[in-house]
Each structure stands twice: as C-alpha cells, then as structure tokens.
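> return a 3D structure for these sequence lines:
(chains A and B)
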Amino acid sequence: MSYGFATIYWRDMIRFVRFKTLLVSSLLQPALWLAFFGIAMSSSFDSLMAGMPVLPGVHTVGYLTFMGAGIIAMTTLFTSLFGGIVILFDKNWGLMREILASPMNRNHIIFGIGLSGVTKSFIQAIIIMVFGILIGTAFFSGFTAVQVIIGVVGILAFVGMFALGFLFLSAAIAISMESPEGLQGVTTLLTMPIFFASNALYPTDSFPEILKIISVYNPMTLLITGIRYFAIGPDFIALGKYYQYTPADILMSYLGLVVFTALMFVLAWWRFKKAVVT
Amino acid sequence: MGGQEQSSDPAIIRVENLEHSYGNFKAVDGISFSVKKGEIFSFLGPNGAGKSTAINVLITLLALQKGKASVAGYDVTRDPQKVRESIGIVFQDITLDRDMTVREILEFHGRLYNMPREERNKRIDELLLLVQLEAKRNERTKNLSGGMKRRLEIARGLMTRPKVLFLDEPTIGLDPQTRMRMWEYIKGVNNEGTTIFLTTHYMDEADQLSDRISIIDQGKIVISGTSWELKNTLGRDLIYLETNNNEAAIRLLKDLPSVRDVKTKTKGFVLMVNEDGTKVLPIVIDTLRNAGIDSLTINLKKPSMDDVFIFYTGKDLRDEPTGKAAFLTMRPGGR
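Numbers count the residues shown, from 1 in each chain, chains lettered A, B, ... in the order given. Model (predicted):
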C-alpha cells in the first residue's frame, strides 16, 4: 500500500497536463503579475527612493527584485490554497467514491494531492525566476554558479514546504465542503490576511503592533524571508530599509514552516478520517 | 415461500437486522438477507427505497449503524480493508474521469488496489477484450457512448478479480438495446464465477437477470424469492373484471374454491386464481350471469414482475421504461 500517493499524484498530473487552459493560465498568471503589477509598482517606488542615502558596502536592490520574492510566494499561496479543489470536484462528480472504497489508506490521497501541488508550485516558481531575471529582477546577481544552485534549491525547499502546508489546508477544507463556491469563499477569506499581513510587497516595520505580531508568525513572511535570503543574499537594502538575515534566522523560518505544515497535515488527516462520501 | 436461504450453501453476503438512519429518517429499517456464492441477487425497489444506502454500508462507504453485515466472510465494521479488497463496485452514476483514457482508468484502479504492474497490464488486456473496448483503449472517456462507459465501469469493477461485484442500477439511462447487451455481459461475468449483487428499479432487469430477488420498499424487505416464486405468490393467473355491480360480484366470487384473493381497482377488480384461468373464467361468467350481474370488461393474464411489485409495494414505478400500465395497479397501501 505504500505507493498509493504516487497513484494519486500520477492521476493529478495527467489532469494538469490535459486541462490545457488551466495549464496555460496557471503558468501565465505569475508572469503577468510580475510584468504588470511589478513594473508599475517598481517604477513609482524606485523614483520615490531615488534620493535615499545608500549604505556603503551593502547592495541596494530595486523594488522589482524586492517584490519578485513576494510574487513567488503569492503565486504559491494562491495555487496551493486552490489546489484542493480537485478533491471537491472528485467528491461532487462521484470519482472520490472509487478511491475511498478502495483499500488504499486515505493519507495517500492527502500526500498525493500535496505532491502534485508542490510540483505545480515548483514549475511556477521557476517560471517567475526566469521571467523575472528577463525583465530586470536582480535575483542571484553577483552569485557564483554554485551559489545560484544553492539559491534555487533553497528557494524550492521553502516553496515546497509552504505549498505542502497550504495544500493540506486546502484539502481539509475541500473534503469538508459541498460546493466549489464555498471553497472559493473560504480561500479568498484566508488569502487576504495571509497575503497582506506579510512582507510580500512592503516592509512590516511600520505596521501597528498587532499586525506586526501576526506578520512575524505568518507562514507567508517565513517563506518570503527564505526566498529573499536565497535569491538576493544575507544582507541588502530595499525601500530604504536594511535587511540582514543570519543562517539561524533562516533555519528558524524553515522550522516554522515545518511546524505549520505538520499542523495542517493533522487537520487534513482528521477531516479525511471523518469524511463520508456516498 | 422463497427467501429463506438454503443452509447448505455458504453465504457470501450476510446481513442481519441492518438499520441506517439519516437524522430522523430511517432509510434502511431492519433488513436481513443473505446472498449465496455464485448467484445474481437483486434488490428491486423504487427510488428512495433504501437500496443505495444498504449497498453503501456493504461496500464500507457508510459506517454501519445498527445490525450486522459481512461480505466475503469479513465483517464490514471489523475488517473493512478485507471487504474492500474482496469486492468490485459499479456505482449508480458514471464515475469516470472525463480526461483519462480507457486504459488509464483501468490502470488507476489497479494501482489503487496495489496490483503489480505485470498482472495489471495482463488484466487490462483481458478486460478490454471482454467488454469489447479494445479499439477504444487510448480514447478519453468523454468520447465514449453511455453503453461503452458502463462497460468500462464493469471492467473496472472486475479489475481486481473480486469475489463479489456490486452493481448499483447498472443500466440506468441506457437505451433498451444497450441494456440487453449489458445483461449479457453481466451474465457472462457471473458465469465465470463472480457473485453479483445488483440493485435496480427495473422490473425486467430483476426478472431476467437475477437468480433471487428481494423487493425492498421504505427501508424494508417486503418479500424475497426467485422470480418464479414471487409471481406464484399472486396465484397462477389473474382475471380482471369490470361489471355493473362490482361489490356484489366480489361478494359472490371471492368464495369460489379456485379464487385465492380479490383486489379492488378503480373501475373493476382482479381475481387471483390458483388454477388455470381459462378453466376458471367460464365458471366466473356463469356465476355472475346467474346472479344477474353484467360483465363489461374481462381480461386474463399471467402475473408479471410488475404485478408482483405493485402488489407488494402498492406503487407503480415512475421510471418504468415501457410505460405500459401494470395490470394490478391499485391504491397505495392496498393489499
């Protein structure tokens, strides 16, 4: 029974590749965010920052580079939170019954969907990185080849753990819901605070105290911290603020994501155990 | 009468006092039955009778609430995994992923049940031949006809060589020709040794396909037996009469030695007779004439499954495919 998740993964990837519109739009969407929102925002922010003093010896990055990390995180968040919808469709179209009536352990459904979601997020993250560099994001600038490889692997490790956590959450919601509209409502409700109470688009320093506390423990912030560390470097200036990360900070961020993902798995496991689909 | 299992035969499905409720609604209300190894057993009942609920408990999709049930020798509560490994299922509505190919549907199923690759591929080839979908092997299921989809689902249900194949309304929504072809496939599968548990609301399906039938209505089994036994409970023949004084006619005729029972209908009544109806009919007519009662309409026929069904459930079936009015139609609750 130990390869059940591979079966679920295999089927979900078949669907991903065959739904041409879904495939194309999911690959195009992050690039469009970066192209339109990124360029528009960075041109105005960068002109505002033009007169700011520059710290000698520390490299200053433009807004596009700063928010590029945020776009990777945002895309991962959206894709993952929405990733559980296949479970809802399977449930509503009766396809889930075949799986639930089989001897396969239900945890494999959760893991299979999680892994296929992670794969999709990896593809998207790589597209954003490549496209971002093409339009002027200063990712990996001044890195050696080895550092670039470490950077990419580090980013994917963060993206993968984060995606897995939100896919588990999404799966837990989807198996408990009756309609796609319901899932959409809940995910939209979750997206707002997670996305905006994070350091995706702006520094969190000047947040009100409560929002600041939320943002520190927000998995989104943990992810973005990791991405910036691996894509830009341990210290840089952006939006006039000096950022500095130690390897210990990064390790703590990653452990935070691991804890979050583990909690979400428990939630999904509990919902699936209780699920009755007839 | 039929229904009591012949104890020498080992039962592959055994259900005792099964009850299942949704809130206050008792969908299954204390049913007991058993299915013998190698037979085709049908649950015949109207929509909402509790057939699907009962089947869902047996295939472990619904937790058993009250009573006992075992499939292939395994208790559904204690050994659900073993039950799952022993059965194949064809669900009521089509449950095929539209964007997967015929072969992928079978491969997915085999992998779900952890079949080794070689065995899986061999089985896929066998089954595609059996259900005549060899030519459609790489076709996506959305491009298949309704009958092909059903055949594919039957093939999927057989993928793991189950001991029992559950078919929930297998021919719902199919045209008459395709239905008859499906019956041939189902009989073929049964002949290979697979026990079949079938639910249906089609009289002809239950009648022609099953070795034994349980009629289920409002969560209860009202009668069980072979098709022949069930029809026999209504007598050997049915005589329908309309007269100018039905009440007097019924009083006279119900005491005739060959008349087993009388059922009133909207305009006339039905005599259920124990002897050859062609012999009884002249006596009936003479009796009425001697009493000065005029017969307006007379009809004679053998009891059909429709008559049995309507007699025991008091219902006509909405989705009855032929649409012909059943002979024994009477008011609900009449018996």
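> quick one, what contacts A:Gly160?
A:Val118, A:Ser121, A:Phe122 (Cβ atoms under 8 Å, 6 or more residues apart in numbering or on different chains). Glycine gets a C-beta too; all of them are placed from N, C-alpha and C.
> same list (these) but as TSV, adding secondary structure and distance to B:Ile196.
Below are those laid out as TSV (DSSP: H, G, I helix; E, B strand; the rest coil; distance: Cβ to Cβ, whole Å):
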residue	secondary structure	distance to B:Ile196
A:Val118	helix	42
A:Ser121	helix	45
A:Phe122	helix	46
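> chain B: which of these is nearest?
A:Val118 (20.2 Å; Cβ to the nearest Cβ).
> low-scoring stretches of the stretch 201-335 of chain B, by residue?
B:315-335 (pLDDT under 70).
> which bits of the stretch 151-300 of chain B sit near chain A?
B:Arg156 (Cβ under 8 Å from any Cβ of the partner chain).
> what does the stretch 1-150 of chain B have sitting close to chain A?
So far as Cβ under 8 Å from any Cβ goes, the stretch 1-150 of chain B lies against chain A at B:52, B:56, B:59-63, B:81, B:84-85, B:89, B:91, B:93-97, B:99-100, B:104, B:108-109, B:111-114.
> just the strands in chain B please.
B:11-22, B:25-36, B:40-44, B:66-71, B:74-75, B:87-90, B:164-168, B:195-200, B:212-217, B:220-225, B:237-243, B:259-264, B:269-273, B:295-301 (DSSP state E).
> got the CA coordinates for the first one in CSV?
As requested, C-alpha coordinates have been extracted for strand B:11-22 and formatted as CSV (Å, rounded to 0.1, in the frame of the first residue of the first chain):
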residue,chain,number,x,y,z
ALA,B,11,-23.5,-17.2,2.1
ILE,B,12,-21.0,-14.7,0.6
ILE,B,13,-23.1,-11.7,1.9
ARG,B,14,-24.9,-12.0,5.2
VAL,B,15,-26.9,-9.1,6.6
GLU,B,16,-28.9,-9.2,9.9
ASN,B,17,-31.3,-6.6,11.1
LEU,B,18,-29.4,-3.8,9.3
GLU,B,19,-30.7,-0.3,10.2
HIS,B,20,-29.5,3.0,8.9
SER,B,21,-30.9,6.5,9.5
TYR,B,22,-30.1,10.0,8.3
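> which residues sit against that strand?
By Cβ under 8 Å, 6+ apart, strand B:11-22 touches B:5, B:26-37, B:41, B:50, B:53-54, B:57-58, B:62, B:64-73, B:163-164, B:195, B:197.
> of the strands of chain B, which is nearest A:Gly136?
strand B:87-90 (56.5 Å; Cβ to Cβ).
> quick one, domains of chain B?
B:11-230, B:235-302 (automatic domain parsing).
> got CSV for those, with distance to B:Phe309 too?
Below are the domains of chain B laid out as CSV (distance: least, Cβ to Cβ, whole Å):
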stretch, distance to B:Phe309
domain B:11-230, 6
domain B:235-302, 14
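> can I get these in a markdown table with mean neighbour count?
Formatted as a markdown table, the domains of chain B follow (neighbours: other Cβ atoms under 10 Å in any protein chain shown):
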| stretch | mean neighbour count |
| --- | --- |
| domain B:11-230 | 19 |
| domain B:235-302 | 16 |
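> show me what contacts whichever residue of the stretch 201-335 of chain B sits closest to chain A?
Of all residues in the stretch 201-335 of chain B, B:Gly219 sits closest to chain A, at 15.9 Å by Cβ to the nearest Cβ. Counting by Cβ under 8 Å, 6+ apart, B:Gly219 makes contact with B:Lys26, B:Ala27, B:Val28, B:Asp29, B:Gly30, B:Ile31, B:Ala49, B:Gly50.
> now with 7 Å, please.
B:Lys26, B:Ala27, B:Val28, B:Asp29, B:Gly50 (Cβ atoms under 7 Å, 6 or more residues apart in numbering or on different chains).
> got the phi and psi for the residue nearest to the fourth one when sequence neighbours are not counted?
Read that as B:Asp29. Nearest residue to B:Asp29 in three dimensions, chain neighbours excluded: B:Gly219, at 3.5 Å (Cβ to Cβ, 6 or more residues apart in numbering or on different chains). Here is the backbone geometry of B:Gly219 (degrees, to the nearest 10): phi 80, psi 0.
> look up how far A:Phe66 lies from B:Gly219.
65 Å (Cβ to Cβ, to the nearest Å).
> also A:Ile214?
21 Å.
> so these two - more neighbours on which side?
Neighbours per residue (other Cβ atoms under 10 Å in any protein chain shown) separate A:Ile214 from A:Phe66, with A:Phe66 holding more: 29 against 17.
> on that earlier part again, would you list the strands of chain B in a markdown table and tack on distance to B:Leu129?
What follows is the strands of chain B, written out as a markdown table (distance: least, Cβ to Cβ, whole Å):
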| stretch | distance to B:Leu129 |
| --- | --- |
| strand B:11-22 | 27 |
| strand B:25-36 | 28 |
| strand B:40-44 | 22 |
| strand B:66-71 | 28 |
| strand B:74-75 | 31 |
| strand B:87-90 | 18 |
| strand B:164-168 | 18 |
| strand B:195-200 | 20 |
| strand B:212-217 | 30 |
| strand B:220-225 | 36 |
| strand B:237-243 | 45 |
| strand B:259-264 | 50 |
| strand B:269-273 | 48 |
| strand B:295-301 | 43 |
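> show me what residue of the stretch 151-278 of chain A gets nearest to chain B.
For the stretch 151-278 of chain A, Cβ to the nearest Cβ, closest residue to chain B: A:Thr278, 4.9 Å.
> pretty sure that residue is touching B:Ala54, no?
No. Using Cβ atoms under 7 Å, A:Thr278 is not in contact with B:Ala54; the gap is 11.6 Å.
> any common contacting residues for those two?
With Cβ under 7 Å, 6+ apart, A:Thr278 and B:Ala54 have no common neighbours.
> what parts of the stretch 51-200 of chain A come near chain B?
For the stretch 51-200 of chain A, the residues in contact with chain B (Cβ under 7 Å from any Cβ of the partner chain) are A:Gly94, A:Leu95, A:Arg97, A:Glu98, A:Ile99, A:Leu100, A:Ala101, A:Ser102, A:Pro103, A:Met104.
> for the nearest residue to B:Ser210 once chain neighbours are set aside, which residues make a bridge with it?
With sequence-adjacent residues excluded and distances taken as Cβ to Cβ, 6+ apart, B:Ser210 is closest to B:Ser42, at 3.9 Å. Under DSSP bridges, the beta-bridge partners of B:Ser42 are B:Leu198, B:Ile213.
> B:Ser42 reaches B:Asp211, doesn't it?
No. Counting by Cβ under 7 Å, B:Ser42 stays clear of B:Asp211, with 8.6 Å between them.
> strands along the stretch 51-200 of chain A, start to end?
Ranges of strands in the stretch 51-200 of chain A, per DSSP state E, counting those that start in this stretch: none exist.
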